[in-house]
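Participant: Quick one, structure for this:
(chains A, B, C and D)
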There are 2 protein chains.
Amino acid sequence: MIVDRSSPVPQYFQLQTWLIEQIDQGVFKTNDKIPTEEELAQITGLARATVRQAIQNLVNMGYLERKRRLGTFVINGSVHSETRTIIGLIVPDIRSGYAPELARGAEDEAAKNKHSLILCNSDDLYVKAEFHANRLLENSVAGLIFMPTAAPDEQNKKIIDKFLRRNIPVVLADRTIPDLDVDYVTTNNYDGAYEITKYLIDKGYKKIAIILSALFSTERDRLEGYKNALLDHNIPIDNDIIIADSGPFIQNRYFKYARALLKTRNDITAIFAGHDRIALLFYSLANEMGIKIPDDISIVGYDDLHFTTVPLTTMHQPIYEMGQESMKLIMSRIKSEVEYSRNIVLNSHIVERESVLKIA
Amino acid sequence: MIVDRSSPVPQYFQLQTWLIEQIDQGVFKTNDKIPTEEELAQITGLARATVRQAIQNLVNMGYLERKRRLGTFVINGSVHSETRTIIGLIVPDIRSGYAPELARGAEDEAAKNKHSLILCNSDDLYVKAEFHANRLLENSVAGLIFMPTAAPDEQNKKIIDKFLRRNIPVVLADRTIPDLDVDYVTTNNYDGAYEITKYLIDKGYKKIAIILSALFSTERDRLEGYKNALLDHNIPIDNDIIIADSGPFIQNRYFKYARALLKTRNDITAIFAGHDRIALLFYSLANEMGIKIPDDISIVGYDDLHFTTVPLTTMHQPIYEMGQESMKLIMSRIKSEVEYSRNIVLNSHIVERESVLKIA
DNA sequence: ATTGATTAATTGTCTATACAATTATATGAT
DNA sequence: ATCATATAATTGTATAGACAATTAATCAAT
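Facilitator: Here you go, the predicted structure:
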């Protein structure tokens, strides 16, 4: 007998307790359909309204989910994730690069799902990321979108594990970590770099310098794409005109690299800037040194931060979509049990403006 | 009439909405007893069970509290403010203008106080702002930093009141609302505009056009500053070269204004762009039309979004500090009872670059 | 194949009614 | 004064029944 009508315990509550027991004991498993309200009324001898009250409470508590016409179903056991509607987003700095675009994509998608976004800036530092991670956990966020910091992979993993251990889904955005079984969304940096290098080659260039950071998977992939494009077109790789900085982006440092490069190697005819902000430096520098882009030197960037002031040919990255897709992954993890980790690689495409001259 | 029986909206939901409204508008204040279920049934003409459903939902949402034999009471929204450590930030769009800088200032200050920031984009639309406001309330934020939308003041006030009624502190950032007793942080737009207009006058200019939006207090103040600077220097105001758009910033529309202005009025020697993004348009346009800045025409902007590509002389606004100060106001409200509302006006200063030529 | 209409299952909304449980307050007894 | 008891107001629990809305699945038409 499920409900004891002589008990002082409310009958809806008895039913509720019984249902929880069944779920806990695995009689009703995740995603199972439990009996319909009518059936439960029959079985227990209660009125449908009473059954409904019990079920409604369990829905509120995050045990069950109702679907019209289909029935009532047991929800993913990682419990109260339903009531939590805040997602954390850790980016290096909301002011720089494409972070605003990414945040906006994520926020829009979150809003669609009636979730909110907590914004955290790590400045690419492990300590700051960890500080925020702890605060997010205290606020019991339902998920985390994380751009790994410039710290070693091991440290980033530590942060990620904190969440995963508590069954809080994590998605890496843009930057990835090798050999880590976690969802991520990125763009095809290797292919993109290969393509835009080939673009320069097709325009007649052979002496193509590249300047970027070796710190992040994204830019390391771009470097590989660049190298292989050269090799595939029988252009020797000249390590002197490959500048791969080991630290995060610091404007002044890159200014020095750029200045040194332009001064010492006037055989360079084209430059592949690891990202658009580096490309911008060259514009300023060209101005300063009386060099004309693209007449004297051609340049391409990567990202497509829409500057209206310089006509930079660059690789457009779908950043907004990256934010969106990251949030979609989080949402699907929250809503249902996902067994395997999923990786989304978005495609970039060249946006041709006027920073490259055809010389072939 | 509280419920419209012909509406497709469920009646319990209509009642629910009505009750929230009453609470928001202060008809039912904190700790007030609302009518009993029986009374509400009478008033609305609904069955008690239906009334009950509405009330139950509001109890779950944290609006109401039931006490047996006593009735149902409005909950004091500020009760848990010590334990709540999340602050809402509603900006038009995190991608545009200085929103990232503002967000970063606010976030850093929040982090110092072990608080977190929920980021919301309103797109300057009332409906979106309201959606986010409701979500923030559901997440029981401890405070709100709000950039009013482009909607009429009354609507923005409605959103603000929702928070204030629950004793949740609100700070307006950058844009203010006249005759509203609420904390705000802004910059001295009037003085700044006066100063930069005077700067142009001192450089020898008399025919100074201005282009901005008349939608926000900030830009309206700038327009006044511009006008008074002219008047004080005995320069007649020429309404033909004052373009005050009534809508939000839409790039293409401003392009048209700019193009028309440059084509029809070649007596103009200087331009005061209401903000830097407008100034940028002139750079693109100048390029297109073969006009040189500053040789053919001088231009100043407002904001100082640091573009490395064009040497724009502009009014630097301390946006990061604005975010910081806004958050500081929130924190002081959270920590202690503040009786009076406080207004902080930050000072801007001119950053001289190379977009203005001396002709006097 | 795609689109459109139909059907049936199930949850969603709503009414009208009844009695139970709780408890602040008033009343009465000591 | 203190304690016990009754009272009444209000929310809490429960029933039985009706119709609405949604939607997966099926069938029909193009």
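Participant: Quick check: can you list the domain ranges of chain A?
Facilitator: A:11-75, A:84-187+A:319-346, A:189-318 (automatic domain parsing).
Participant: so how far is the first residue of the shortest one from its last?
Facilitator: Which is domain A:11-75. In domain A:11-75, first residue to last residue: 23 Å (C-alpha to C-alpha, to the nearest Å).
Participant: Relative to chain B, how far out is A:Met315?
Facilitator: To chain B, A:Met315 is 19 Å away according to C-beta to the nearest C-beta, to the nearest Å. No exception for glycine: its C-beta is placed from N, CA and C like everyone else's.
Participant: now swap in A:Ala244 and tell me
Facilitator: Distance, A:Ala244 to chain B, by C-beta to the nearest C-beta: 22 Å.
Participant: hang on, that residue packs against A:Ser213?
Facilitator: Yes: look at A:Ala244 against A:Ser213 with C-beta atoms under 8 Å: they come within range, at 7.1 Å.
Participant: The two: which is more packed in?
Facilitator: A:Ser213 (23 against 15; other C-beta atoms under 10 Å in any protein chain shown).
Participant: Phi, psi for the nearest residue to A:Asp303 once chain neighbours are set aside please.
Facilitator: Of all residues not flanking A:Asp303 in the chain, A:Asp276 sits nearest, at 4.4 Å (C-beta to C-beta, 6 or more residues apart in numbering or on different chains). Taking degrees, to the nearest 10, you get phi -60, psi -30 for the backbone angles of A:Asp276.
Participant: wouldn't A:Asp276 be in contact with A:Tyr302 here?
Facilitator: Yes: contact criterion C-beta under 8 Å: A:Asp276 and A:Tyr302 qualify, at 6.5 Å.
Participant: between those two, which one's more packed in?
Facilitator: More crowded of A:Asp276 and A:Tyr302, by other C-beta under 10 Å: A:Tyr302, with 28 against 23.
Participant: for the stretch 151-300 of chain A, what spans make up the helices?
Facilitator: Here the stretch 151-300 of chain A has its helices, by DSSP state H, counting those that start in this stretch, at A:153-164, A:189-202, A:217-232, A:251-264, A:276-289.
Participant: can you put those helices in a markdown table and add mean pLDDT?
Facilitator: Shown next, in a markdown table, are the helices of the stretch 151-300 of chain A (pLDDT from 0 to 100):
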| stretch | mean pLDDT |
| --- | --- |
| helix A:153-164 | 93 |
| helix A:189-202 | 97 |
| helix A:217-232 | 95 |
| helix A:251-264 | 90 |
| helix A:276-289 | 87 |
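Participant: With respect to B:Ala286, which of the ones you listed lies nearest?
Facilitator: helix A:276-289 (15.6 Å; C-beta to C-beta).
Participant: and the residue nearest in space to the middle of chain A, bridged to which residues?
Facilitator: Nearest to the mean C-alpha position of chain A, by C-alpha atoms, centre = their mean, lies A:Ala173 at 2.0 Å. Beta-bridge pairing for A:Ala173 (DSSP bridges): A:Val185.
Participant: surely it meets A:Met147?
Facilitator: Yes: contact criterion C-beta under 8 Å: A:Ala173 and A:Met147 qualify, at 5.2 Å.
Participant: With respect to B:Asn156, which of the domains of chain A lies nearest?
Facilitator: domain A:84-187+A:319-346 (19.4 Å).
Participant: Any part of that closest one near DNA strand D?
Facilitator: No: Domain A:84-187+A:319-346 does not reach DNA strand D (C-beta under 7 Å from any atom of the strand); its nearest approach is 14.4 Å.
Participant: Make sure A:Val300 is actually in contact with A:Ser355.
Facilitator: Yes: the pair A:Val300 / A:Ser355 is scored as a contact, 6.6 Å apart, by C-beta under 8 Å.
Participant: Can you work out which residues contact both of these two?
Facilitator: A:Ala279, A:Leu312, A:Thr313, A:Thr314 (C-beta atoms under 8 Å, 6 or more residues apart in numbering or on different chains).
Participant: Mind putting these into a markdown table with secondary structure, neighbour count and distance to A:Gln251?
Facilitator: Below are the shared contacts of A:Val300 and A:Ser355 laid out as a markdown table (DSSP: H, G, I helix; E, B strand; the rest coil; neighbours: other C-beta atoms under 10 Å in any protein chain shown; distance: C-beta to C-beta, whole Å):
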| residue | secondary structure | neighbour count | distance to A:Gln251 |
| --- | --- | --- | --- |
| A:Ala279 | helix | 27 | 13 |
| A:Leu312 | coil | 27 | 17 |
| A:Thr313 | strand | 22 | 22 |
| A:Thr314 | strand | 27 | 18 |
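Participant: quick one on the thing from earlier: so what's in contact with A:Ala173 and A:Met147 at the same time?
Facilitator: Residues within reach of A:Ala173 and of A:Met147 at once, by C-beta under 8 Å, 6+ apart, are A:Leu102.
Participant: that older thread, what is the nearest of the shared contacts of A:Val300 and A:Ser355 to B:Trp18?
Facilitator: Distances from B:Trp18 to the shared contacts of A:Val300 and A:Ser355, taken by C-beta to C-beta, are shortest for A:Thr314, at 53.7 Å.
Participant: Please list the outside residues in contact with the helix or strand A:Ala54 falls within.
Facilitator: Using DSSP states H and E, A:Ala54 sits within helix A:48-60. Contacts with helix A:48-60, where a contact means C-beta under 8 Å, 6+ apart, come from A:11-13, A:15-16, A:19-20, A:37-38, A:40-41, A:44, A:64-66, A:72, B:60.
Participant: Can you flag which of these belong to strands?
Facilitator: Assignment to strands by DSSP state E places the following of those there: A:Leu64, A:Glu65, A:Arg66, A:Thr72.
Participant: How about the third one, nearest residue that isn't a chain neighbour?
Facilitator: What sits nearest to A:Arg66 in space, not counting adjacent residues and going by C-beta to C-beta, 6+ apart, is A:Thr72, at 5.0 Å.
Participant: restrict the contacts of helix A:48-60 to contacts with DNA strand C.
Facilitator: Among those, proximity to DNA strand C is found for A:Glu37, A:Glu38, A:Arg66, A:Thr72 (C-beta under 7 Å from any atom of the strand).
Participant: farthest-separated two in the residues you listed?
Facilitator: Farthest pair in these, by C-beta to C-beta: A:Glu38 and A:Arg66, 13.8 Å.
Participant: so A:Ser298 sits right up against A:Glu352, yeah?
Facilitator: No: assessed by C-beta under 8 Å, A:Ser298 is found out of contact with A:Glu352, at 11.9 Å.
Participant: Which one of these two is surrounded by more residues?
Facilitator: Taking other C-beta under 10 Å, A:Ser298 and A:Glu352 do not tie; A:Ser298 has more neighbours (24 against 12).
Participant: check contacts around that one.
Facilitator: A:Leu200, A:Lys203, A:Tyr205, A:Thr269, A:Ala270, A:Ile271, A:Ser355, A:Val356, A:Leu357.
Participant: returning to that earlier point: would you quantify the distance from the residue nearest to the centre of chain A to B:Asp183?
Facilitator: A:Ala173 is 35 Å from B:Asp183, where distance means C-beta to C-beta, to the nearest Å.
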